[in-house]
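Participant: no sequence on this one, just coordinates:
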């Protein structure tokens, strides 16, 4: 039997993971990337921001080192080195992925892909054009920055989440337009680096879609960290001033404005088709995303789509899971994509992590539920870290104890969410967690305690209002 | 690199050297595709061929834009479209084409290029690979290369300019003066050189021998060379039908918009056509001098019409019009006749 040839357009998290998986399953794989392997996540998203998060946290911790008994004089920041460190990390990871692709015999084409017909793809560079015949195509062209229609937002000097990663001089002050995940992560990074940060969010809450108690908590913490958050505010115009920029917004029908040195636009991302002529081949779109079924097949039989371009959930780990699933389906397995248990990780300070349904969502769906809660400050390991903020919340069905979702805000919350992700994915019950021994002293004990709290009470905390 | 070469030398199970004795590009490209489709597992083929008075455009190109087809066809030349991508090239009997066709596992760009470079260097010409798809000598290009990856086999083909008529090359590859907007790839002009100019002893036959020699040497194989002539094989004939068809040569152009503008005694006109698969999908006419009904009727008649001058002429002539508009109709037809349609 001859090998199946799969051509993947886009070398981001969705595309390169699909490439490796497909190669492992015996396909002959071509991968086309026009910029840098690793896509947004590795080059201009998850990874570089986490490099900055880590620097910012360390910097802010060093300033508080005295309480651990460490005397440090003169803590200084060298932004050029901070950016260089970030670039080194990105370069190493991209190199690592390139190595993996090579070892799996994935043929990588650098250039812009075009669809000639449903079995033919061309790759164009400045100087040449390669034509590839293929049995299957996976479109993984990702997403791009979505700028809200605000006057002046296209001005030179207004930063996007990509531009700000290369800022080698810290501004004195920064306005962040948009209090979503990207906006809040940068707000905490820059605040921890000592910048005066002001966030303006259109909706009534920051981090839309996240459990309300959690967003209230992070809003309180933001305030204590001197991040100025204004919600329910519609930005009308950004204009240049002598020292920087002025942001005019409308809050409760009052015109207000703030002045800052730099402005970051973080009003979301939207699917990008990478210039592909989808219509020509008959690939249908829906809400500006490529329409796929639960097997990730598009309206054209031999063409699949994965990642942000499908507009499902714009997260790297969803893209990679879709990539695995699409590769499996092309290679003859029948795997459905299920979005029930997708964890979300937000790198504010402290971190936030969620999975499954929020309390607001179960209420809306009229599910009879119970909440188990536990504060981080009652955990021994958290204490040793001199931390105190945050809590965990587990939502489960009242009758069966089936775990429906969880939200965690607290130190290293993103590392804790996976026990609950497994629980939600496999329909496990509160009892299952209670019966599982959790190591002491670790932060994971908060999960055990919250499970206990759901049905009878935590061991190391008493709810005064119960 | 030498390890890699050794590794796949061992893999080679079949090897062929194929010549075409036809100078017809449609046959030669059909034979090339036939060889590609029938490549055996672990087989490598060197195919040598020549086209006379031919413009070959890339897979994603627009013939109307890249080639002065009218002039070419008036001079008994042929327009052809190849499977591979890239820009338009002119072939005559002073040019030799080579194609390396292989099981895709045996694809190795370095070895393939080495065959060409060694063959040329044997004539004391300092040839080198420049960038991704050109071979140059004394800073000028003598060989353009293109690559095609099918699902089981691949090919790498290219031209070798030995004694080509550059005057013809320039006049046939003249880019259209009309405003054309399309997604296809545009040809890039390069400074070119004939190998004969660098060494008068170089000839097509001598180059063929050199290529065969180094193909055998570098791949460590010793196949006999073989000629495949037209009418030997129905599969090739079928493919030749495709390569000679209007639909493939012209109709395969990526969708494009073309605008024609001029001034007649009776006024200005701007004719905008949107083309899909060589057919006029939409036509828009702007003219302050013509009456609105006539404009609308011409536009309506052009829609759905194939982008061939005879069809276009017919569509305009068939427009219902008053006697006083006859001059307009005649002017339009005579004007478009001069265009590359």
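Facilitator: Looks like it arrived, so ask away. Computed from a prediction, not measured in an experiment: that's the story for all the values here.
Participant: how far away is whichever residue of the stretch 251-400 of chain A sits closest to chain B from residue A:113?
Facilitator: Proximity of the stretch 251-400 of chain A to chain B (C-beta to the nearest C-beta) peaks at residue A:277, 6.6 Å away. Where you see a C-beta, it was placed from the backbone N, CA and C, and this is true even at glycine. Using C-beta to C-beta, to the nearest Å, we find residue A:277 at a distance of 11 Å from residue A:113.
Participant: and what of residue B:125?
Facilitator: Taken as C-beta to C-beta, the span from residue B:125 to residue A:113 is 37 Å.
Participant: between those two, which one's more packed in?
Facilitator: Neighbour count, other C-beta atoms under 10 Å in any protein chain shown: between residue B:125 and residue A:113, residue A:113 has more, with 26 against 18.
Participant: burial count for the residue of the stretch 251-400 of chain A closest to chain B?
Facilitator: Residue A:277: 14 neighbours (other C-beta under 10 Å).
Participant: Who are the contact partners of the residue lying closest to it once chain neighbours are set aside?
Facilitator: Spatially, and ignoring its direct neighbours in sequence, residue A:277 is nearest to residue A:115 (6.0 Å; C-beta to C-beta, 6 or more residues apart in numbering or on different chains). Going by C-beta atoms under 8 Å, 6 or more residues apart in numbering or on different chains, residue A:115 touches A:121, A:137, A:276-278, A:280-281.
Participant: quick one: which of those residues is nearest residue A:72?
Facilitator: Closest approach to residue A:72 among these (C-beta to C-beta): residue A:276, at 53.0 Å.
Participant: Kindly state the beta-bridge partners for the residue of chain A found nearest chain B.
Facilitator: Going by C-beta to the nearest C-beta, chain B is nearest to residue A:129 of chain A, at 3.0 Å. Following DSSP bridges, residue A:129 is listed with bridge partners residue A:124.
Participant: quick one: secondary structure of residue A:47?
Facilitator: Recorded secondary structure, residue A:47: helix (DSSP: H, G, I helix; E, B strand; the rest coil).
Participant: quick one on the thing from earlier: and the residue of the stretch 251-400 of chain A closest to chain B, what are its phi and psi?
Facilitator: Backbone torsions for residue A:277, taken as degrees, to the nearest 10, come to phi -90, psi 90.
Participant: number of nearby residues for residue A:284?
Facilitator: So residue A:284, with other C-beta under 10 Å, has 12 neighbours.
Participant: can you check residue B:51 too?
Facilitator: Quick note: residue B:51 (other C-beta under 10 Å) scores 27 neighbours.
Participant: correct me, but it touches residue B:80?
Facilitator: Yes - Residue B:51 lies in contact with residue B:80 (C-beta atoms under 8 Å); the separation is 7.4 Å.
Participant: who touches both of those two?
Facilitator: By C-beta under 8 Å, 6+ apart, the residues touching both residue B:51 and residue B:80 are residue B:25.
Participant: Domain-wise, how is the chain divided?
Facilitator: This is for chain A. Using automatic domain parsing, the domains assigned to chain A come out as A:5-145+A:270-330, A:163-267, A:344-454.
Participant: not quite, I wanted chain B
Facilitator: Per the record, chain B has its domains at B:2-249, B:256-337, by automatic domain parsing.
Participant: Determine which of those domains shows the lowest mean per-residue pLDDT.
Facilitator: Lowest mean pLDDT within the domains of chain B: domain B:256-337, at a mean of 89.
Participant: what about chain A, any weak spots by pLDDT?
Facilitator: Along chain A, the model assigns pLDDT under 70 to residues A:1-2, A:464-466.
Participant: how about the helices in it?
Facilitator: Per DSSP state H, chain A carries helices over the ranges A:13-24, A:39-44, A:46-63, A:79-103, A:181-192, A:212-224, A:278-281, A:316-330, A:359-364, A:380-384, A:413-425, A:430-434, A:445-454.
Participant: Could you do the stretch 51-200 of chain B as well?
Facilitator: With DSSP state H, counting those that start in this stretch applied, the stretch 51-200 of chain B shows helices at B:63-66, B:69-74, B:109-121, B:166-172, B:195-198, listed in chain order.
Participant: and the ones you listed, which is most packed in?
Facilitator: Neighbour counts (mean count of other C-beta atoms under 10 Å in any protein chain shown) averaged over each of those peak at helix B:63-66, with a mean of 24.
Participant: helices and strands around that one, which ones?
Facilitator: With contacts defined as 3 or more C-beta pairs under 8 Å, 6 or more residues apart in numbering or on different chains; DSSP states H and E, helix B:63-66 has these neighbours: strand B:54-57, strand B:179-182.
Participant: any chance of those strands in a markdown table, plus distance to chain A and mean neighbour count?
Facilitator: A markdown table is the format used below for the helices and strands packed on helix B:63-66 (distance: least, C-beta to the nearest C-beta, whole Å; neighbours: other C-beta atoms under 10 Å in any protein chain shown):
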| stretch | distance to chain A | mean neighbour count |
| --- | --- | --- |
| strand B:54-57 | 12 | 26 |
| strand B:179-182 | 11 | 16 |
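Participant: right, so of the ones you listed, which gets closest to residue A:239?
Facilitator: strand B:179-182 (35.9 Å).
Participant: Enumerate every residue touching the residue in the stretch 151-300 of chain B positioned nearest to chain A.
Facilitator: In the stretch 151-300 of chain B, the residue found nearest to chain A is residue B:151; the distance is 4.3 Å by C-beta to the nearest C-beta. Applying C-beta under 8 Å, 6+ apart to residue B:151 gives the contacts A:2-3, A:5, A:28, A:133-135.
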